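Peer 1: sequence first, predicted model second:
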Amino acid sequence: MGSSSGDSPPLPHQSDTDTLRPTDTGRYLDTLALAARGAWTVTLAGIRPFAFWGAVLLPLLYLPSLYGVGTEQDTALFLDLVVWHMASLVLGHGHTPFWSQ
């Protein structure tokens, strides 16, 4: 037996709200910014205690490196220590040790 037009289901009607619209890039950028901010927060939460203690302990290495100042290698080491110490100060700034909470 053949099929008649009465046997097939009706096709859905396309309304004005179903038409294709250009994508809203602002929404995607907001989502991307939120995800990046969340990733930075999680990463910083993991790094912050190490950076804090690095900022506390790195100055102890200044004196041994200053003892040999005058050679180019020791001067580069001292400058590296200063850069690492500054980065540790910035990244570890908001850390609160567990005993002071």
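Peer 2: Great, that's in hand.
Peer 1: for the chain, what helix or strand is lowest in average pLDDT?
Peer 2: Lowest mean confidence among the helices and strands of the chain (mean pLDDT, DSSP states H and E): helix 62-67, at a mean of 76.
Peer 1: check which residues of the helix or strand just after it are buried.
Peer 2: Later in the chain than helix 62-67, the nearest helix or strand by DSSP states H and E is helix 72-91. Residues of helix 72-91 classed as buried by neighbour count (16 or more other CB atoms under 10 Å): 77, 78, 81, 85, 88, 91. C-beta: built from backbone N, CA, C; applies to glycine.
Peer 1: what's the answer for stretch 51-69, then?
Peer 2: Neighbour-count burial for stretch 51-69 [16+ other CB under 10 Å]: 51, 52, 54, 55, 58, 65.
Peer 1: please apply the same query to stretch 93-101.
Peer 2: residue 95.
Peer 1: got the contact list for that stretch?
Peer 2: 48, 49, 51, 52 (CB atoms under 8 Å, 6 or more residues apart in numbering).
Peer 1: now, the most widely separated pair of those?
Peer 2: Spatially, the most separated pair among these is 49 and 51, at 7.3 Å (CB to CB).
Peer 1: overlap of the contact sets of these two?
Peer 2: 92, 95.
Peer 1: how about the buried residues of stretch 51-69 in TSV, adding secondary structure and distance to residue 40?
Peer 2: Below are the buried residues of stretch 51-69 laid out as TSV (DSSP: H, G, I helix; E, B strand; the rest coil; distance: CB to CB, whole Å):
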residue	secondary structure	distance to residue 40
51	helix	14
52	helix	17
54	helix	19
55	helix	19
58	helix	23
65	helix	32
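Peer 1: and the least confident of these?
Peer 2: Ranked by pLDDT, these bottom out at residue 65, which scores 73.
Peer 1: distance between the ends of stretch 64-76?
Peer 2: Start and end residues of stretch 64-76 are separated by 13 Å (CA to CA, to the nearest Å).
Peer 1: please identify the helix or strand for the one residue sitting closest to the centre of the chain.
Peer 2: Centroid-nearest residue in the chain: residue 40, 2.4 Å away (criterion: CA atoms, centre = their mean). Per DSSP H and E, residue 40 falls inside helix 25-57.
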